[in-house]
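K.L.:
From the sequence below, what's the structure:
(one chain, ligands or ions: 2)
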Amino acid sequence: MNLLTFHQDRPLDLIAVGRLCIDLNANEINRPMEETRTFTKYVGGSPANIAIGFARLGQKTGFIGKIANDQMGRFILDYLQKNGIDTKGIAIDRTGAVTGLAFTEIKSPEDCSILMYRDNVADLKLHPLDIDEDYIKQSKALLISGTALAQSPSREAVFLALEYAVKHGVTVFFDLDYRPYTWTDEAETAVYYNLAAEKCDVVIGTREEFNIMEKLLNGKEAHDHDTASRWFSFRAKMVVIKHGGAGSIAYTKDGKSYRSGIFRTNVLKTFGAGDSYASAFIYGLMNGRDVAEAMKLGSASASIVISRHSCSDAMPTLQELQHHIETAIYEPALS
Ligand SMILES: Nc1ncnc2c1ncn2[C@@H]1O[C@H](COP(=O)(O)OP(=O)(O)O)[C@@H](O)[C@H]1O
Ligand SMILES: O=C(O)C[C@@H](O)[C@H](O)C(=O)COP(=O)(O)O
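P.N.:
Ligands and ions are numbered 1, 2, ... in the order given. Okay, here's the model as predicted:
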């Protein structure tokens, strides 16, 4: 029982909306990027990672986005198709826009950072005319990602997708996915995040991402419980707040809350935790798991992905996920 309902008669389980980019992960780890010479190329972009993780768990997954008309765009499209993701909602940019690059730096397992090259990126050229109502209404759920709200016309495309989702009873997940490099200032972020969150059924973010949304309105940061309460006065049935190595907490509109711990793991890098958490968490909610079980799936997926070099390639299969839950050490959340 998790308060969410999904139209089971629809051909797609989830359509993700937003950026399709390239991760260039440093091969020489435990040193600053100034000393890095080689990188490995992976498909990246938070919504792309979530979609890939969700598809790898055997779910019927679609994508709405825009890719560059170049080798990187074709690499991304080919990878998605090889991973069983429906790509009919992906448009090709014709304006000469480029593919977003995320150079990742792994100074230590606890000290990782991402250098993003996002000038004139194709993903933010997604246009309302690229949003197909007939495509969205074929899906049980829609995932929107906060960075897609950072610039027009992508911003307007996302709001149109939200309108279609609400109109057709498509359950909406909002992963806040705040990336400062793409925004002009936090006030702009707060305005658009709050406007989008009002239309969503589930809002997932870190404490820091919710703080950005709240400081503009309240002038201060709120407690997790108060953060969640705000969204239940709109459409939200569930709010999930992630706390890194301290686990996560979920609040549901019926007044319940659920704390999840983490699975002990050999951390190689910390990025990828949120995307893998979201993919398996959503899988759990859509496949009959209660909130606590879905959170545990998310935590398990995250512990697998942060122990590996990539994000997208590292996303586990259902068999890997179940084996990890059975064999890894689970550290319950501190109450
Ligand atoms: N060091 C860690 N060890 C094990 N699991 C972790 C660790 N860091 C994060 N996780 C898991 O990943 C989830 C999301 O991580 P978090 O860092 O909060 O999100 P994001 O990557 O979006 O910033 C956490 O709630 C937790 O379940
Ligand atoms: O989202 C991006 O553009 C970069 C991602 O591809 C990268 O793998 C990453 O930072 C994942 O972030 P997280 O899962 O939110 O930690």
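
K.L.:
What is the neighbour count of the residue in the stretch 151-300 of the chain that ligand 1 sits nearest to?
P.N.:
Proximity of the stretch 151-300 of the chain to ligand 1 (Cβ to the nearest ligand atom) peaks at Gly274, 2.0 Å away. C-beta here means a position set from N, CA and C on the backbone, and glycine is covered the same way. Per other Cβ atoms under 10 Å, the neighbour tally for Gly274 reads 26.

K.L.:
swap in Ala190?
P.N.:
Should you count by other Cβ under 10 Å, Ala190 turns out to have 18 residues around it.

K.L.:
can you tell me the helix or strand for the residue of the stretch 151-300 of the chain closest to ligand 1?
P.N.:
helix 273-286 (DSSP states H and E).

K.L.:
Is that helix positioned near ligand 2?
P.N.:
Yes. Counting by Cβ under 6 Å from any ligand atom, ligand 2 has neighbours in helix 273-286: Ala273, Gly274, Asp275.

K.L.:
so how far does stretch 3-17 reach from one end to the other?
P.N.:
Distance between the boundary residues of stretch 3-17 (Cα to Cα, to the nearest Å) amounts to 23 Å.

K.L.:
in it, what counts as buried?
P.N.:
Leu4, Phe6, Arg10, Leu12, Asp13, Leu14, Ile15, Ala16, Val17 (16 or more other Cβ atoms under 10 Å).

K.L.:
Now the second one: phi and psi?
P.N.:
Dihedral angles phi and psi of Phe6 (degrees, to the nearest 10) take the values phi -130, psi 140.

K.L.:
Surely it is in contact with Asn287?
P.N.:
No. With contact defined as Cβ atoms under 8 Å, Phe6 does not count as touching Asn287 (9.8 Å).

K.L.:
For Tyr181, the count of nearby residues, please.
P.N.:
14.

K.L.:
Check the one 4 residues further on too.
P.N.:
Counted with other Cβ under 10 Å, residues neighbouring Asp185 total 8.

K.L.:
Check what pLDDT it gets.
P.N.:
Note on Asp185: pLDDT of 92.

K.L.:
Repeat that for the one 3 residues further on.
P.N.:
As predicted, Glu188 sits at a pLDDT of 96.

K.L.:
chain center to stretch 316-324, what's the gap?
P.N.:
Distance of stretch 316-324 from the chain centroid (Cα atoms, centre = their mean, to the nearest Å) equals 19 Å.

K.L.:
Pull up the gap between His243 and Trp231, please.
P.N.:
18 Å (Cβ to Cβ, to the nearest Å).

K.L.:
related to what we said a few turns ago, now, which of the buried residues of stretch 3-17 lie within strands?
P.N.:
Cross-referencing these against strands under DSSP state E gives Leu12, Asp13, Leu14, Ile15, Ala16, Val17.

K.L.:
Ser139 is in contact with the first one, correct?
P.N.:
Yes. Under the criterion of Cβ under 8 Å, Leu12 is in contact with Ser139, at a separation of 4.0 Å.

K.L.:
quick one: buried residues of the next helix or strand after the helix holding Gly274?
P.N.:
For helix 273-286, the following helix or strand on the C-terminal side (DSSP H and E) is helix 291-305. By neighbour count with 16+ other Cβ under 10 Å, helix 291-305 contains the buried residues 291, 293-305.

K.L.:
ok, so of these, who is nearest His168?
P.N.:
Minimum distance to His168 across these is 23.6 Å, recorded for Ala294 (Cβ to Cβ).

K.L.:
which bits of the stretch 151-300 of the chain sit near ligand 2?
P.N.:
Phe271, Gly272, Ala273, Gly274, Asp275.
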